[in-house]
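[1] sequence and predicted structure, then a few things I'm wondering about:
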Amino acid sequence: MAKSPSRLALAFAALQYSAYRRFAISLLFTALGVQLLQTAILWQVYELTGSALALGLTGLARAGPHIILSMVGGVLADRVNRVRLIQSGQVVNAVLVSGLAGLTLAGAVEVWHLYAVTVFNGGFTALTQPGRTAVIPSLIPREKLVNAIALNATIGQTSQIAGPAFAGLAIGFLGLGTVYLVNGLFYFLAMIALVAVHVPPLVTQAKVSPWRSFLDGLIFVRQKPIILSLLTLDVAATVLGSYRALLPIFAANLGVGAGGYGLLSASPGVGSLFGSGFMLSLGDMKYKGLYALTAVFGYCGALVLLALSPWFVLALLAAGLLGVTDSVQMIARNSTIIAIAPDALRGRVEAFRTMLSGGGPPLGYTLSGGLAAVLGAPLAVVIGAAACAAVVAGIGGSRKELRDPYLGTSSDPAVVGDDAGPRRSGDGYGDRPKP
């Protein structure tokens, strides 16, 4: 009698495929690089200016490229080799951050340099992120998709622990220049990890112009209201419920310095590991929409707890809860969207998601920084949490698809397999298979 795989083996099922293992290693180095860069730049901006508004403007510098270039990245992801596209972005970011390290070590860095690096880093990330997510179904069988998305989230959240914690300690003991040098090295190693990854060539329509290709992606998203509803949940959390740009202020108010700032920045990553672990244990679960809705409501409650925390330990707990709830909604949301999108359009659909989820947090930085400059950081976060909860309540009450138990599962008629025949019109939420 064949032995059943252990729960641990099931939780890491996607890692049995060598192409995904290499992709996961590359993703880890990339995610660590992103966390190091964002943490260090926020601290350096606050160190140079002492301004909440200046912190918020780093978000605007990141949001612009995401909003403008994400859809371009989606078109590229559906027309060129996705792996080579990702590698190109990693090399450019490695050179970019190494240049910032040189300026910092030479004592010549100015605030505009930090904004410029943020703009270019955000731009190249926006161009490559759609390909990074769209390539995943080419590396694993479809039934392992939720597992791979959860593992991706685990990797990202692990980097949110290690990256900010290392950055906070390294800033205090080694200096910002060293942090940027390590950051550049991580981007380079991320490129090396993908060298042996090969994916099947994309089937593209050679006569279709890039502009027509771009419009086809938008038309598909418009025809799938459930995708827009899921993305709106995320935008509400990342724009209205933004808090990361204000963490240096919370750390200063609590009197914990750069080390405490690093720990406070890392706590959402710790929480996200718990959230991702929980989602890994569920497999291709039902009620993905309800998981997303409930998690965003919990995120709003954790924001209020962070804003009103009088003690550092309680603030760490609140930040951890933010990570738990964010990872749950993200895994449920992303696995549903990727499952619904056909491979030929997946890059453009992912680009639309990246445009919002990548541009949303930086815009949230700007909004929260501006509110904090006028009202103070705690009140700015509380107001954002209340607004986010109101939006989520409206979406949850108006979109019945989010309460569908089969949303985004292999039993969902809206899910399009790579070998699928003619697709049904509409969202496909009609007759359901019996459990």
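    Great, that's in hand. As the structure is a prediction and not an experimental result, all values here were calculated from the model. Residues are numbered from 1 along each chain as shown.

[2] let me see the ranges of the strands in the stretch 151-300 of the chain.
    In the stretch 151-300 of the chain, no strands are defined using DSSP state E, counting those that start in this stretch.

[3] and the closest residue to Val92 other than its chain neighbours, what element?
    Nearest-residue entry for Val92: Phe124, 5.1 Å, with adjacent residues in sequence omitted and distances by Cβ to Cβ, 6 or more residues apart in numbering. Quick note: C-beta positions are derived from backbone N, CA and C, even for glycine. Using DSSP states H and E, Phe124 sits in helix 111-134.

[4] hang on, the earlier thing: for the residue nearest to Val92, give its distance to Val117.
    11 Å (Cβ to Cβ, to the nearest Å).

[5] with Ala31 instead?
    In terms of Cβ to Cβ, Ala31 sits 18 Å off from Val117.

[6] again with Leu55
    Leu55 sits 15 Å away from Val117, going by Cβ to Cβ.

[7] of these two, which one has the most company?
    Leu55 (28 against 21; other Cβ atoms under 10 Å).

[8] and that one, how close does it get to Leu375?
    Counting by Cβ to Cβ - Leu55 and Leu375 are separated by 15 Å.

[9] His198 too?
    Applying Cβ to Cβ, the value for His198 to Leu375 is 53 Å.

[10] over to Ser18?
    52 Å.

[11] Ile140 too?
    Counting by Cβ to Cβ, the gap from Ile140 to Leu375 is 47 Å.

[12] tell me which of these two has more neighbours.
    Neighbours per residue (other Cβ under 10 Å) separate Ile140 from Leu375, with Ile140 holding more: 20 against 13.

[13] residue contacts, the more buried one?
    For Ile140, the contacting residues are 14, 17, 19-20, 147-148, by Cβ atoms under 8 Å, 6 or more residues apart in numbering.

[14] columns secondary structure and pLDDT on top of these, output as JSON lines?
    JSON lines is the format used below for these (DSSP: H, G, I helix; E, B strand; the rest coil; pLDDT from 0 to 100):
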{"residue": "Ala14", "secondary structure": "helix", "pLDDT": "73"}
{"residue": "Tyr17", "secondary structure": "coil", "pLDDT": "80"}
{"residue": "Ala19", "secondary structure": "helix", "pLDDT": "83"}
{"residue": "Tyr20", "secondary structure": "helix", "pLDDT": "85"}
{"residue": "Asn147", "secondary structure": "helix", "pLDDT": "75"}
{"residue": "Ala148", "secondary structure": "helix", "pLDDT": "79"}
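
[15] where in the stretch 1-150 of the chain is pLDDT low?
    1-11, 142-143 (pLDDT under 70).

[16] quick one: distance of stretch 367-384 to the chain centre.
    23 Å (Cα atoms, centre = their mean, to the nearest Å).

[17] quick check: angle from the host helix or strand of Ile86 to helix 111-134?
    Assigned by DSSP H and E, Ile86 falls within helix 82-105. Put simply, helix 82-105 runs at 160 degrees to helix 111-134, going by axes from the mean of the first three to the mean of the last three Cα atoms, to 10 degrees.

[18] okay, now the closest residue to Ile136 other than its chain neighbours: neighbour count?
    What sits nearest to Ile136 in space, not counting adjacent residues and going by Cβ to Cβ, 6+ apart, is Ala148, at 5.5 Å. Counted with other Cβ under 10 Å, the neighbours of Ala148 add up to 23.

[19] residue contacts, Ala148?
    Counting by Cβ under 8 Å, 6+ apart, Ala148 has contacts 14, 20, 136, 139-140.

[20] which residues sit against stretch 174-192?
    In contact with stretch 174-192 (Cβ under 8 Å, 6+ apart) are residues 26-30, 32-33, 36-37, 40, 43-44, 87, 90-91, 93-95, 97-98, 100-102, 104-105, 166-167, 170-171.

[21] ok so, going back, what is in contact with Phe124 and Val117 at once?
    Leu96.

[22] shouldn't Val391 be in contact with Asp234?
    No: contact criterion Cβ atoms under 8 Å: Val391 and Asp234 do not qualify, at 10.9 Å.

[23] dihedrals phi and psi, Gly73?
    Main-chain dihedrals, Gly73, degrees, to the nearest 10: phi -60, psi -40.

[24] still on that earlier bit, can you tell me which of the contacts of Ala148 is closest to Ser368?
    Ile136 (31.2 Å; Cβ to Cβ).

[25] OK, contacts around the closest one?
    20, 23, 145, 148-149, 152, 338.

[26] so which of these is surrounded by the most neighbours?
    Most crowded among the contacts of Ile136, counting by other Cβ under 10 Å, is Phe23 at 28 neighbours.
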